[in-house]
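Trainee: No sequence on hand, only this structure:
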């Protein structure tokens, strides 16, 4: 049975990219003031900062750091390109460790100059290359499958089945998957594959937003929960039936919302979360 629905913000997490116009200091302060309990930090928000000090600042405000976004982008047609990606992911692991983030979300990447199968093999090899350091740092790696419209450059992993297969093949408790409703709501095998995540113990993250109808931009027009066609509550039930007890992470890329007053937007996020997640 699903866990009882919580009509509060105790499991609500907001990504810093969701309120992109705010720097991390402002985001942390405003999230805490509005009763948000979790934060996922995007790496751009850490540029030029003392990462350990930033982590302490976040925790001092009463926020739990859920994850660091993002690692990945492993595939390249050249060996030097693949090594550059591995080096960047090793830096991301170090950043997560310094920040106090228990997990990195992997947007795995793809190279349109080669077959998707080759990119998937390079993703496997890239994760395997950084896995020892991730395990040593006790930082989990969450493979995030993306909607097939992003298979050209953003991810050769398009279905939860592919992510599950890769996590199983890697065979480490430090590798799992992130379920993002925006990317996976369309998949007829979604319930089955979420249950498989639970059986294998590698359901690491759950991201929410909505798919607007019509969608005006495939990257920068995500909707607030409840203003689109994604059955968010249904998917949440499947996730919790699979044993997930973590945060529900609000991740919205939207030129429209970024152009608005971010304090108003944050309050809209709270309302949408309480009503539709």
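Mentor: Thanks, I have it. Note that the structure is a prediction, hence the values are computed from the model and not measured. Residues are numbered from 1 along each chain as shown.
Trainee: How far does stretch 140-159 sit from its chain's centre?
Mentor: The chain centroid and the centroid of stretch 140-159 are separated by 11 Å under C-alpha atoms, centre = their mean, to the nearest Å.
Trainee: now swap in stretch 54-66 and tell me
Mentor: Centroid displacement of stretch 54-66 relative to its chain, using C-alpha atoms, centre = their mean, is 18 Å.
Trainee: Could you list the buried residues of that stretch?
Mentor: 54-55, 57-58, 61, 63-66 (16 or more other C-beta atoms under 10 Å). Glycine gets a C-beta too; all of them are placed from N, C-alpha and C.
Trainee: from those residues, which ones fall inside strands?
Mentor: Counting by DSSP state E, the buried residues of stretch 54-66 place 64-66 in strands.
Trainee: Tell me the one among the buried residues of stretch 54-66 nearest to residue 168.
Mentor: residue 66 (23.9 Å; C-beta to C-beta).
Trainee: residues in contact with the closest one?
Mentor: Taking C-beta atoms under 8 Å, 6 or more residues apart in numbering, we find residue 66 in contact with 13, 38-40, 101-103, 205, 246-247, 249.
Trainee: now it: how far from residue 20?
Mentor: 18 Å (C-beta to C-beta, to the nearest Å).
Trainee: and if you look at residue 230?
Mentor: 21 Å.
Trainee: Looking at those two, which one has more neighbours?
Mentor: Shown here are residue 230 and residue 20; by other C-beta atoms under 10 Å, residue 230 has more neighbours (22 against 19).
Trainee: Helices along the stretch 51-200 of the chain, start to end?
Mentor: 51-60, 79-99, 116-137, 160-170, 181-184, 190-200 (DSSP state H, counting those that start in this stretch).
Trainee: First-to-last residue distance for stretch 154-172?
Mentor: Counting by C-alpha to C-alpha, to the nearest Å, you get 24 Å between the two ends of stretch 154-172.
Trainee: contacting residues around it?
Mentor: 72, 75, 107-110, 116, 119-120, 123-124, 127-128, 131, 135, 143-148, 150-151, 175-177, 179, 184, 187, 189-190, 193-194, 196-197, 200, 202.
Trainee: Check the residues you listed for burial and list the buried ones.
Mentor: 72, 75, 107-110, 116, 119-120, 123-124, 127, 131, 135, 143-147, 150-151, 175-177, 179, 184, 187, 190, 193-194, 196-197, 202.
Trainee: which residues sit against stretch 128-139?
Mentor: Residues outside stretch 128-139 that contact it (C-beta under 8 Å, 6+ apart): 71, 86, 89-90, 93-94, 96-97, 101-104, 140-141, 170, 172, 174-175.
Trainee: rewinding a little: taking the helices of the stretch 51-200 of the chain together, which one is wrapped up most tightly?
Mentor: helix 181-184 (a mean of 23; mean count of other C-beta atoms under 10 Å).
Trainee: Let me know the average pLDDT across that helix.
Mentor: Helix 181-184 shows a mean pLDDT of 98 in the predicted model.
Trainee: and if you look at stretch 105-125?
Mentor: Across stretch 105-125, pLDDT averages out at 98.
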